[in-house]
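> Compute the structure for the input listed below.
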Amino acid sequence: MLVLGDSLSAGFGLAPGDASTAELLRRAEGGVFIQTLHGLHSGVNPVSGDFSVGAEGDPGEKALAYAAEVDTATPDDVTVDATALSMVTAALDSLEASRRTRLQASATFDALFVDLATRVADPDAQAASAHAYRYALWRTRAAMLAYQARYLGTSAPRRYTVPVTMSVHQLAALPEVFGDIARARELLDANAILDPCEVPAGTVLLVVD
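Numbers count the residues shown, from 1 in each chain. As a prediction, this is how the structure comes out:
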């Protein structure tokens with residue numbers, strides 16, 4: 001949301017809106033969503049003043065664009081229960097609506113990846129004429145894998161078995177877990193814990209360093 005001052009001389013500022021990234025991308029009528037710029041320190045021409053930088057787009061935006069290509073290229077003899085765009089949109093909306101635990105997010109990603117793999121393996125999609133369809137599916141999957149890596153992080157979680165019943169805060173303070181009580185929230189994000197005040201002995205937790 002753009003917030004202007006009383007006059008142009010007052011300047012302006014940016015304030016957050018209520019729409020998710022996926023919703024904003026659906027509303028857009030064109031253009032490029034740039035997430036990261038590279039080479040700002042080295043791409044300037046000192047003579048002309050021109051400069052160029054590398055740009056990197058959002059993987060969620062790419063996944064939506066590729067999913068739309070899937071739907072456009074779907075062969076007539078391929079039967080699907082839902083469009084690829086609707087499935088990717090639903091996954092992104094679910095993930096961005098609120099911060100999911102690692103287990104919840106992984107389940108969402110896994111369900112989408114299974115659907116994409118099933119579509120690629122469909123016998124009716126193996127003809128040479130369906131190459132664009134299969135290629136768009138693989139591009140959608142690659143974009144969602146990049147989104148997954150950003151959402152969950154690239155570090156593989158380790159497992160820790162709770163030795164005796166204790167609270168999440170006590171667990172986070174253990175040296176073999178985090179050694180930091182302030183990181184209790186990370187245990188809650190990565191695991192489906194029913195009662196943060198009493199985690200039963202024998203519970204296996206995912207710990208993301």
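> What are the buried residues along the helix or strand harbouring Tyr135?
Assigned by DSSP states H and E, Tyr135 belongs to helix 131-152. In terms of neighbour count (16 or more other CB atoms under 10 Å), helix 131-152 has its buried residues at 133-134, 136-137, 139-141, 143-144, 146-148, 151-152. (Each C-beta comes from the backbone N, C-alpha and C, glycine too.)
> Same check on stretch 114-129?
Those would be Asp115, Leu116, Arg119, Val120, Asp122, Ala125, for stretch 114-129 by 16+ other CB under 10 Å.
> Contacts only, for the nearest residue to Thr79 once chain neighbours are set aside.
Leaving aside its sequence neighbours, Thr79 sits nearest to Asp124 (CB to CB, 6 or more residues apart in numbering; 7.7 Å). Neighbour list for Asp124: Pro75, Asp77, Val78, Thr79, Ala130 [criterion: CB atoms under 8 Å, 6 or more residues apart in numbering].
> Might you report the residue contacts of the second one?
To tie it back to what came earlier, the one meant is Asp77. Asp77 is in contact with Asp124, counting by CB under 8 Å, 6+ apart.
> For it, give me the backbone phi and psi.
phi -90, psi 10 (degrees, to the nearest 10).
> Could you tell me how far it is located from Thr140?
Counting by CB to CB, to the nearest Å, the gap from Asp77 to Thr140 is 20 Å.
> what does the fourth one give?
Note on Thr79: its distance to Thr140, by CB to CB, is 18 Å.
> mean confidence for the helix or strand encompassing Leu112?
For Leu112, the element it lies in under DSSP H and E is helix 102-121. For helix 102-121, mean pLDDT is 90.
> Stretch 128-136 now?
92.
> okay, which residue is most central for the protein?
Tyr147 (3.6 Å; CA atoms, centre = their mean).
> Identify the residue spatially nearest to Met166, adjacent ones excluded.
Per CB to CB, 6+ apart, closest to Met166 is Val199, 6.2 Å.
> hang on, isn't the one you found packed against His169?
No - taking contacts as CB atoms under 8 Å, Val199 lies outside contact range of His169: 10.2 Å.
> Same drill for the two, tell me which one is more crowded.
Legend: neighbour count by other CB atoms under 10 Å for Val199 and His169, higher for Val199 (21 against 15).
> The more buried one and Leu103, how far apart?
Taking CB to CB, one finds Val199 at 15 Å from Leu103.
> What is the least confident helix or strand in the protein?
strand 2-4 (a mean of 49; mean pLDDT, DSSP states H and E).
> where along this structure do the helices fall?
Taking DSSP state H as the criterion, the chain carries its helices at 21-27, 59-73, 84-97, 102-121, 131-152, 168-173, 184-190.
> Restrict the shortest one to CA atoms and write it as CSV.
Once side chains and other backbone atoms are set aside, the C-alpha atoms of helix 168-173 remain, and they are given as CSV (Å, rounded to 0.1, in the frame of the first residue of the first chain):
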residue,chain,number,x,y,z
VAL,A,168,8.8,-26.7,25.5
HIS,A,169,10.8,-23.9,27.2
GLN,A,170,12.7,-26.5,29.3
LEU,A,171,13.4,-28.5,26.2
ALA,A,172,14.7,-25.5,24.3
ALA,A,173,17.1,-24.7,27.2
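> any idea how far Leu103 is from Leu152?
Separation of Leu152 from Leu103 (CB to CB): 11 Å.
> Cool, thanks, talk later.
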